[in-house]
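> Quick check, what structure comes out for this input:
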Amino acid sequence: FYQRKEIKDILAYLRTIANGVDDLSVLRIINVPKRGIGATTMGKVTIFASEHGMSLYDALKAARQVPGLGKAAAKIEAFVGQIESFKVRANSEDFTIQDLIEGILDETGYRQELEAEGEIESQTRLENIEELVNKAVSYEQDSEHPSLDEFLEQVALVADIDNMDESENRATLMTLHSAKGLEFPKVYLVGMEDGLFPSMMSITADDKSEIEEERRLCYVGITRAREELVMTSARQRMVNGETRYSKPSQFVEELPASAVEFDRLEPALSGYGGFGGGGGSAGASGRKTDAYADDSLPWNPGGMKAQPKAEGRGFGSSHNPYASRNTAPAGSAPASKPAFGKAFTVQKQSSLDYGPGDRVSHIKFGQGTVKSVEDGAKDYEVTVEFDKAGQKKMFASFAKLKKI
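The predicted structure follows:
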């Protein structure tokens, strides 16, 4: 489905509207439908963009500064004007992806160009685009905070799965939203910790429907597994340079005890610089449950197996899976000691090239202003007010901030 020309065209428009940094998408749609902007013109724009270290779309926005464009500059400006108009609409509160696609079809002349191909051909292509609209509507109905960026991420993931060679031995990574409607022999749900899943926002929210929505999403993940499900949680993890401690997700505690095997791992390393927190894992499936055992992993849970009973508590009831001692069935292999090899250590820099008031950039959070720098014993603690992500406190060695 995602390899069809019309679908690629519309998605290229949406990517350009979303961020404008995807040069391949810009090249795909710059003359679709035909605008009289040829390869020679785009060659000049591409050279200009390369010389000035900017994206192709930014170079199009500066078309009047590109040497030798002549009358083509006005055509480029018309294209940029349309994209900027779509950007404004995409950022409005009443924005829907459906409206955006309809606007692209009508205002760019794409629908008219399709209809010129012939009645049968255009009808088929428009029906394909309508199916893309249906996917967008379903996404917006299911998502708590729908956005064009997230929709494009989900589409990209599903498109990759469609092209995946199932004979190859590899793992497929996806969000729970993207997993709807799919099934796999083995499924791993990681980060099953209170504060992550369910999120801290849902836990502390006054509206209890928020945590119910995450519980339904957890159910989606659980039911993706045909044969085996492994759920893991970490006692501690490093998040943005900060060590956080957590307990297993309340969703894990609500699973029927008769269908689950629990395994609590010992810390792999202790002391500063080590991965002090091991993880706990639990497997649950409606058919069969096998605790995963593989010597290629950093730990071996011991090869526990269980045949769950048909009866048991339903998902949503409450019990504590860690209240009783976990034992492997007779004949199972003893659990091996976790071994990670070398400890992970932090090398404190002698000094930083930025300080309070400086502008810095972060690979994930983007640009921001340094609020404070504290010289700790083992690393600098930096507080940054990011333009979009808000205030974050992190260790300098992990943050790898760059002064702008």
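> make it CA atoms for all contacts and neighbour counts henceforth
Noted.
> Helices along the stretch 301-404 of the chain, start to end?
Listed in chain order, the helices of the stretch 301-404 of the chain (DSSP state H, counting those that start in this stretch) span 396-399.
> For it, give me the ranges with low pLDDT.
301-347, 377 (pLDDT under 70).
> And the chain, by the same measure?
159-168, 240-241, 266-347, 377.
> can I see the domain layout of it?
As assigned by automatic domain parsing, the chain contains the domains 5-150, 183-306, 359-403.
> Let's have these in JSON lines, adding distance to S350.
Below are those laid out as JSON lines (distance: least, CA to CA, whole Å):
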{"stretch": "domain 5-150", "distance to S350": "32"}
{"stretch": "domain 183-306", "distance to S350": "18"}
{"stretch": "domain 359-403", "distance to S350": "10"}
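> any chance of those in CSV, with mean neighbour count and distance to K348 too?
Formatted as CSV, these follow (neighbours: other CA atoms under 10 Å; distance: least, CA to CA, whole Å):
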stretch, mean neighbour count, distance to K348
domain 5-150, 16, 33
domain 183-306, 18, 12
domain 359-403, 17, 5
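> Compare these and give me the one nearest L176.
Closest to L176 of the domains of the chain, according to CA to CA: domain 183-306, at 5.9 Å.
> tell me the centre residue of this protein?
T175 (6.4 Å; CA atoms, centre = their mean).
> Wasn't that residue part of a strand?
No - looking at T175 with DSSP: H, G, I helix; E, B strand; the rest coil, it is coil, so not inside a strand.
> quick one: the helices in this protein?
5-18, 23-29, 39-51, 56-61, 72-90, 97-107, 110-115, 119-142, 148-162, 200-204, 209-222, 250-253, 396-399 (DSSP state H).
> S361: which of the ones you listed is closest?
Of the helices of the chain, the one closest to S361 (CA to CA) turns out to be helix 396-399, at 9.7 Å.
> on that earlier part again, will you turn the helices of the chain into JSON lines that also has distance to S351?
Formatted as JSON lines, these follow (distance: least, CA to CA, whole Å):
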{"stretch": "helix 5-18", "distance to S351": "38"}
{"stretch": "helix 23-29", "distance to S351": "38"}
{"stretch": "helix 39-51", "distance to S351": "34"}
{"stretch": "helix 56-61", "distance to S351": "36"}
{"stretch": "helix 72-90", "distance to S351": "42"}
{"stretch": "helix 97-107", "distance to S351": "47"}
{"stretch": "helix 110-115", "distance to S351": "56"}
{"stretch": "helix 119-142", "distance to S351": "47"}
{"stretch": "helix 148-162", "distance to S351": "37"}
{"stretch": "helix 200-204", "distance to S351": "35"}
{"stretch": "helix 209-222", "distance to S351": "43"}
{"stretch": "helix 250-253", "distance to S351": "43"}
{"stretch": "helix 396-399", "distance to S351": "10"}
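> between these, which gets nearest to A179?
Comparing these by CA to CA, helix 209-222 comes nearest, at 7.1 Å.
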